[in-house]
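Trainee: Need coordinates for the following:
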Amino acid sequence: MTEAQPSSLVRTLASTLWFPMFFIVGFMLCYLLPFHAPAPHHMPVAVVGEQAAQQLDATFAKAMPGGINVTAVPDEHGAREAIMQRNAVAAYDPADGQLFYAKANGSALLMVLQQVFTPVAAAGGHPLAPTDLAPSAPGDVMGTGLFYCLLAMNMPPYVTVMMLVRAALSARQKLLALVGVGVFATVVCYFTALSMGVIYNRPILLPIGFLLTQAVGWTAFGLVPFVKQFIPGVAMGLFVLLSMPSSSGAIPKELVPSFFQSLHRFLPLGQAVDSMRGILYFNGAGALPAVLGLVAWCAFGVLLVVFNQLRTRRKQAADPEAVTVAGSYEHEDDSGVVVDPAIEAPKPAHHHTLAGTVSAAGGASVPGAIVTVTDSTGTQLAHLVTSNSGEYEVHDLPGKYVTVVISAPGMHPAVDRVAVRPGRIAGYDFVLEPEPRHHRTAARAH
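Mentor: As a prediction, this is how the structure comes out:
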């Protein structure tokens with residue numbers, strides 16, 4: 001057995017192992033980096049009283065530059081409103097050391113707030129008095145249950161795309177499957193979370209969850225023809241590695257680096273977290289912009305799919321012979337439209353294919369005819385039989401002249417020397433004539 005050349009071995013290893021390597025590096029950069037030491041980053045906090053707000057702002061700016069953004073509110077009512085309108089994640093009243101917060105934003109936030117404001121309250125002669133204005137649902141003890149419920153809606157759609165991309169289904173069937181998976185994930189996750197007390201019974205969450213599944217699914221499906229074999233990395237990077245730390249689900253976005261904070265409002269998982277939390281705990285505050293963001297993602301995915309369908313139909317109309325060859329990224333669906341690439345590395349440039357049919361002189365196909373291909377030295381390169389319809393296809397031929405011999409019982413063999421070109425040579429047909437008793441030379445028509 002011939003050993004692979006070093007360059008071929010490197011290419012094979014790179015095309016095979018790039019995704020696990022990407023996965024490892026991605027997790028270090030997108031999980032360990034933002035989560036290993038949660039700390040305030042531009043965390044919005046309201047403080048009762050203009051003077052007190054200015055003093056605390058100066059103190060925080062000196063102790064933790066860029067950590068806390070302080071705004072002044074006139075009274076306790078303003079402090080409560082700042083949290084319930086989601087303009088601040090905490091509010092402090094220096095008159096009595098009261099700290100208002102919302103556990104619905106995640107229990108990790110309270111621990112950081114206590115560390116920050118306990119010494120502030122002590123300096124003012126008060127014990128810190130935390131007041132929870134938006135407790136999480138009874139079954140969501142850590143305030144992260146909603147996030148894990150949404151993960152079960154966020155991840156399956158792009159995994160479904162990975163599974164469907166090579167399935168022998170039409171584009172319409174694949175898209176209907178994505179819709180079906182979205183419906184199933186939404187219903188199962190909603191009622192499971194409801195039964196565990198992780199969420200309250202708000203049926204409006206169902207269409208929002210479905211929007212999340214379709215935003216991820218249609219966008220991933222629409223990107224496949226453009227990113228080709230890199231779709232696993234693109235989908236994983238976009239909808240998992242970048243989405244999870246920026247979602248504010250497991251760790252509040254105010255405690256992760258600014259880069260991930262900036263992604264929060266643009267990625268679908270963060271939009272789903274924002275919209276559902278707004279509906280569940282903050283009287284709908286902030287939900288509408290997040291829902292519109294999910295709608296925009298769905299529209300983007302639909303546009304990608306439609307654009308690719310139109311592009312491939314136009315390409316087919318211009319050159320019907322250009323429909324997918326072996327070794328390329330694309331394949332046809334049941335409607336004859338090239339819709340997606342194979343999730344695999346491209347074949348080397350020297351890939352060559354010879355294909356055609358074998359028929360009898362009367363026009364009938366010859367099934368089971370033996371096709372033998374040899375090179376100029378007589379070394380056999382391929383040995384196969386034709387299909388029931390008389391078709392044959394030989395792959396991975398060298399880019400030079402080869403000899404093709406076609407034989408069948410009762411037929412005179414046909415022989416031809418073929419100049420193999422890069423790509424797929426289709427329509428290289430052979431006609432076999434009956435072998436006469438006196439063994440007359442058979443004619444071959446091409």
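
Trainee: where does Gly378 land in three-state SS?
Mentor: coil (DSSP: H, G, I helix; E, B strand; the rest coil).

Trainee: actually Tyr392, not the one I wrote
Mentor: Quick answer, by three-state DSSP: Tyr392 is strand.

Trainee: Is it correct that it is in contact with Ser365?
Mentor: No - using CB atoms under 8 Å, Tyr392 is not in contact with Ser365, being 10.9 Å away. Using the backbone N, CA and C atoms, a C-beta is placed for each residue, glycine as well.

Trainee: list residues touching both of these two?
Mentor: Shared contacts of Tyr392 and Ser365 (CB atoms under 8 Å, 6 or more residues apart in numbering): Thr357, Val358, Thr386.

Trainee: How is the chain divided into domains?
Mentor: Domains of the chain are assigned by automatic domain parsing as 43-132, 145-317, 352-432.

Trainee: can you tell me which of the ones you listed comes nearest to Val10?
Mentor: domain 145-317 (16.7 Å; CB to CB).

Trainee: quick revisit: for Phe22, which of the domains of the chain is the nearest?
Mentor: Closest among the domains of the chain, using CB to CB: domain 145-317, at 5.0 Å.

Trainee: tell me how far the ends of the closest one are from each other?
Mentor: 51 Å (CA to CA, to the nearest Å).

Trainee: now do stretch 116-129
Mentor: Note: stretch 116-129 ends 13 Å apart using CA to CA.

Trainee: May I have stretch 369-379 exported as CSV, CA atoms only?
Mentor: The C-alpha atoms that make up stretch 369-379 are tabulated as CSV, following Å, rounded to 0.1, in the frame of the first residue of the first chain:
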residue,chain,number,x,y,z
ALA,A,369,-20.8,-5.4,-18.9
ILE,A,370,-17.2,-5.5,-17.5
VAL,A,371,-15.3,-2.2,-17.6
THR,A,372,-11.5,-2.4,-17.3
VAL,A,373,-9.3,0.6,-17.2
THR,A,374,-5.5,0.4,-17.5
ASP,A,375,-2.7,3.0,-17.7
SER,A,376,0.0,3.2,-20.4
THR,A,377,2.1,0.5,-18.6
GLY,A,378,-0.8,-2.0,-18.5
THR,A,379,-1.4,-1.5,-14.8
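
Trainee: more crowded one of Tyr392 and Ser365?
Mentor: A side-by-side neighbour count of Tyr392 and Ser365, using other CB atoms under 10 Å, places Tyr392 first with 23 against 15.

Trainee: residues contacting the more buried one?
Mentor: Applying CB under 8 Å, 6+ apart to Tyr392 gives the contacts Ala355, Gly356, Thr357, Val358, Ala369, Val371, Leu384, Val385, Thr386.

Trainee: how many neighbours does Gly378 have?
Mentor: By other CB under 10 Å, the burial measure for Gly378, its neighbour count, is 7.

Trainee: What of the one 3 residues further on?
Mentor: Burial of Leu381, expressed as a neighbour count using other CB under 10 Å, amounts to 16.

Trainee: likewise the one 10 residues further on?
Mentor: Here the count is done by other CB under 10 Å, and Glu391 has 14 residues near it.

Trainee: Now it. Nearest residue, chain neighbours left out?
Mentor: Thr357 (5.3 Å; CB to CB, 6 or more residues apart in numbering).

Trainee: for Ser275, same thing?
Mentor: Ala290 (3.7 Å).

Trainee: so the one you found is in which element?
Mentor: helix 287-318 (DSSP states H and E).

Trainee: For Pro289, give me its contacts.
Mentor: Contacts of Pro289 by CB under 8 Å, 6+ apart are Arg265, Asp274.

Trainee: Distance-wise, check the closest residue to Gln85 other than its chain neighbours relative to Ser247.
Mentor: Distance criterion CB to CB, 6+ apart; nearest residue to Gln85, sequence neighbours excluded, is Ala285 at 5.2 Å. According to CB to CB, to the nearest Å, Ala285 and Ser247 sit 18 Å apart.

Trainee: Looking at those two, which has the bigger crowd around it?
Mentor: Neighbour count, other CB under 10 Å: between Ala285 and Ser247, Ser247 has more, with 27 against 16.

Trainee: how close does the more buried one get to Leu241?
Mentor: 12 Å.

Trainee: looking only at pLDDT, what's the mean for the helix holding Ala290?
Mentor: Per-residue pLDDT over helix 287-318 has a mean of 91.

Trainee: Mind listing what's buried along that helix?
Mentor: Under the neighbour-count criterion of 16 or more other CB atoms under 10 Å, helix 287-318 has 287, 290-291, 293-294, 297-298, 301-302, 304-305, 308-309, 312, 316 buried.

Trainee: what's the answer for stretch 200-208, then?
Mentor: In stretch 200-208, the ones that count as buried by 16+ other CB under 10 Å are Leu205, Ile208.

Trainee: Give me the distance between that stretch and the centre of its chain.
Mentor: From the chain centre to the centre of stretch 200-208 is a distance of 25 Å (CA atoms, centre = their mean, to the nearest Å).

Trainee: can you pull out the helices in the protein?
Mentor: Counting by DSSP state H, the chain has helices at residues 6-27, 33-35, 50-63, 76-84, 107-123, 145-164, 171-195, 205-227, 231-236, 243-246, 258-263, 268-281, 287-318.

Trainee: For Thr379, find the nearest of the ones you listed.
Mentor: helix 6-27 (20.2 Å).

Trainee: any idea how far that closest one is from the chain center?
Mentor: The answer for helix 6-27 is 19 Å, by CA atoms, centre = their mean.
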